[in-house]
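Chemist: okay, predicted coordinates and the sequence, questions at the end:
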Amino acid sequence: MNPRKSMAIVQRILLVLALIALPGVAMAQKNKAPSAPKAPAAKPAAPAAKPAAPGGARPGGATNTGTRPGGTTGTTGARTGTTGTTGARTGTTGTTGAKTGGATNTSARTGGTTNTAGKTGATGGAANKPGVTNNARGGGKTVTTKSGTTARTDAHGRVTSIHTASGATINRAPNGSRRVETRLNGGGRLVSNGHRGGYAEHPYNRGGRPYMRRTYYYHGHAYAYGYRGRYYHGGYYYGYVNPYYYNPGFYGWAYNPWAAPVAWSWGWGAAPWYGYYGYYFNPYPVYASAALWMTDYIVAASLQESYEAQVANANAAAANANAAAANANAAAANANAASAGPAQASVDNSAAPAVGSSPALTPEVKEAIAEEVKAQLAAEKDAAAANASAPAATAAPAAQTASATTGGTPPEEVPEALDPNHRTFIVNTVLTETAADGSECALSSGDVVTRIEDTPDANASVKVLVSSSQKSDCHSGTQVAVKVDDLQDMHNHFREQLDNGLKELASKQGTAGLPAAPAGSTTTKPNPDGQVQPDLTVQQQLQSQEADADKAEAEVNQEAAQPAGQGND
């Protein structure tokens, strides 16, 4: 068949088939229901009207619940990069969003938490609302009581520092030692080193120069020392003034090496403090000079003071516990008073060293202390020579209270705490310090620090290196900033202990194996500038301060028992 005819036939067949199918397709389209159009999407609900900010939102937009760039979700207006509840950075508020320029109710440390928001240019909200908040750095809590007292605890729940509404500052060391300081009207301070005792100081003027009289009360006795003021960087630092001097030859005898080393028994073997600090301190077996003998004397005296303070605080705590138990028993109708035995005051003796262990106070650190002893002996020898040519002192005058200044700006004098000849200091009280990483740690009596800066910062502090420390205190090698005032107190206490040691040495020279001092060198001559009369009211002042401190600590401990975040509303 012709191919052209075949193609034509196929085309005709396909055309016929299409014509047959077309009506069916049209009918199907006619019977199919049209699909309903989709409903338009519901419009999002209009955002709720934001409450009017009391004076305008902070820069950066609204302050509701959105996450800010680089930060965590804020609750009520956290700043960019900060969390809006706790851990507010220094100068910002973490809870309710202070306006631009607002001040917080307290000057929180870096990483600490604050309470309420401030209004523009002023402190707003209810300051010092009671409650417990977590510290953002270093663990622990910040506690605020109903009376306005604030406190900080460490990561173990121990109270480290308290600032009372009345202006007192309480520091607690991990070993239980306590220091309470209150600034007095007209200058001066009242300082209690726990229930063991303390001192009161008051300024006075002598010969046109500022002085400070400090009256100590320990072991039931009051005694006083004088301190001369040195004006430096806008304030006064008071340095110890010897009440009397020995003959210059005695200082030379104590400074120079002895002809032969001397073995000396201190008789401390059975003393509780000596066993307690066995891990930390070990006296020299022999002494080549009085300077080394004085080094052990001063360190031992500091540790003994610290131990006695711990025991006194433990006894006070036990007495308070017994009193509380007695009150509870009296309140209970059928309580058996005899079932509550007396609390036993004790000091943690877990510091006992392992057999063969080395004391923490190394020979190198003790040698640095011995060099400080020698430097001070040399200075006192020169002062004794000057005092020997001065007129004899009359009866000890009472320290008359007066203004520390006589008008105008006095010339500056570098305080002894910043003297390049004095860099090693023995801590003489309880201090709570801040390390470079923002964490807090304690220093207590007997720790040793080395000053590594000569110029104070804006807070009148200088950096020190912790050369030797006891358990639970700032670790050796830690750098902390210490107030120049506190370093001056350490140096003053060092000089007081040095004078006590010289008195002991003068009474024992030439006996029990000690070499004899030059004839007549142990006689003393009063120093008029160091003669003061004690304040006879110091005992009552210290007792009142201790009672107030006990009350403040009890209030803080009660508030601290609450979980963090509670009690702030």
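Modeler: Arrived safely.
Chemist: could you use CA atoms for every contact and neighbour count after this?
Modeler: Will do.
Chemist: what's residue 264 in contact with, if anything?
Modeler: Contact analysis of residue 264 by Cα atoms under 8 Å, 6 or more residues apart in numbering lists 285, 286, 287, 512, 513.
Chemist: and which of these is nearest residue 309?
Modeler: Proximity of the contacts of residue 264 to residue 309 (Cα to Cα) peaks at residue 285, which lies at 27.9 Å.
Chemist: biggest strand in the protein by residues?
Modeler: strand 221-232 (DSSP state E).
Chemist: just checking: what are the partner strands of that one?
Modeler: strand 209-218 (antiparallel), strand 235-241 (antiparallel) (DSSP bridges).
Chemist: including distance to residue 382, could these go into JSON lines?
Modeler: Below are the strands paired with strand 221-232 laid out as JSON lines (distance: least, Cα to Cα, whole Å):
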{"stretch": "strand 209-218", "distance to residue 382": "21"}
{"stretch": "strand 235-241", "distance to residue 382": "14"}
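Chemist: would you turn these into a markdown table with distance to residue 299 and mean pLDDT?
Modeler: As requested, the strands paired with strand 221-232 are exported to a markdown table (distance: least, Cα to Cα, whole Å; pLDDT from 0 to 100):
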| stretch | distance to residue 299 | mean pLDDT |
| --- | --- | --- |
| strand 209-218 | 19 | 95 |
| strand 235-241 | 19 | 96 |
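Chemist: tell me which of those strands is the most buried.
Modeler: Of these, the one with the most neighbours on average (mean count of other Cα atoms under 10 Å) is strand 209-218, at a mean of 23.
Chemist: contact partners of that one?
Modeler: 188, 196-205, 222-229, 238, 399, 403-406, 532, 534-535, 538-539.
Chemist: quick check on these: which are buried?
Modeler: 188, 196-205, 222-229, 238, 399, 403-405, 532, 534-535, 538-539 (16 or more other Cα atoms under 10 Å).
Chemist: can you list which of the contacts of strand 209-218 are found in helices?
Modeler: Among the contacts of strand 209-218, the ones falling in helices (DSSP state H) are 538, 539.
Chemist: now residue 191. Nearest residue, chain neighbours left out?
Modeler: residue 181 (4.5 Å; Cα to Cα, 6 or more residues apart in numbering).
Chemist: who touches that neighbour in this structure?
Modeler: By Cα under 8 Å, 6+ apart, the residues touching residue 181 are 168, 169, 170, 189, 190, 191, 192.
Chemist: isn't the fifth one right up against residue 197?
Modeler: I take that to be residue 190. No - contact criterion Cα atoms under 8 Å: residue 190 and residue 197 do not qualify, at 10.9 Å.
Chemist: need the overlap of contacts for the two.
Modeler: residue 542.
Chemist: separation between the residue nearest to residue 191 and residue 230?
Modeler: 22 Å (Cα to Cα, to the nearest Å).
Chemist: for the contacts of residue 181, which one is nearest residue 555?
Modeler: residue 170 (13.2 Å).
Chemist: for residue 548, see how far away the closest one is.
Modeler: Per Cα to Cα, residue 170 is found 11 Å from residue 548.
Chemist: so the two - more neighbours on which side?
Modeler: Higher neighbour count among residue 170 and residue 548: residue 170, with 27 against 16, using other Cα atoms under 10 Å.
Chemist: helix or strand for the more buried one, which one?
Modeler: Residue 170 is part of strand 169-172, with elements assigned from DSSP states H and E.
Chemist: point to the helix or strand of this protein where mean pLDDT is at its lowest.
Modeler: Least confident helix or strand, the chain: helix 3-31 with a mean of 51, by mean pLDDT, DSSP states H and E.
Chemist: follow-up on the earlier one: looking at the contacts of residue 264, which has the most residues close by?
Modeler: Neighbour-wise, the contacts of residue 264 (other Cα under 10 Å) top out at residue 287, 20 neighbours.
Chemist: now do the same contact list for it.
Modeler: For residue 287, counting by Cα under 8 Å, 6+ apart, the contacting residues are 261, 262, 263, 264, 293.
Chemist: same deal with residue 286?
Modeler: Contacts for residue 286 (Cα under 8 Å, 6+ apart) come out as 261, 262, 263, 264.
Chemist: now, the most widely separated pair of the residues you listed?
Modeler: So, these by Cα to Cα: farthest apart are 261 and 264, at 9.6 Å.
Chemist: what pLDDT does residue 193 get?
Modeler: As summarised for this prediction, residue 193 has a pLDDT of 84.
Chemist: and stretch 502-515, what's its mean pLDDT?
Modeler: Averaging pLDDT along stretch 502-515 yields 95.
Chemist: endpoints of it, how far apart?
Modeler: Using Cα to Cα, the end-to-end distance of stretch 502-515 comes to 14 Å.
Chemist: how about stretch 241-260?
Modeler: One end of stretch 241-260 to the other measures 33 Å (Cα to Cα).
Chemist: buried set for it?
Modeler: 241-255, 258.
Chemist: so which residues make contact with that stretch?
Modeler: Outside of stretch 241-260, the residues within contact range by Cα under 8 Å, 6+ apart are 225-228, 288-291, 374, 377-378, 380-385, 387-388, 515, 517-518, 520-531.
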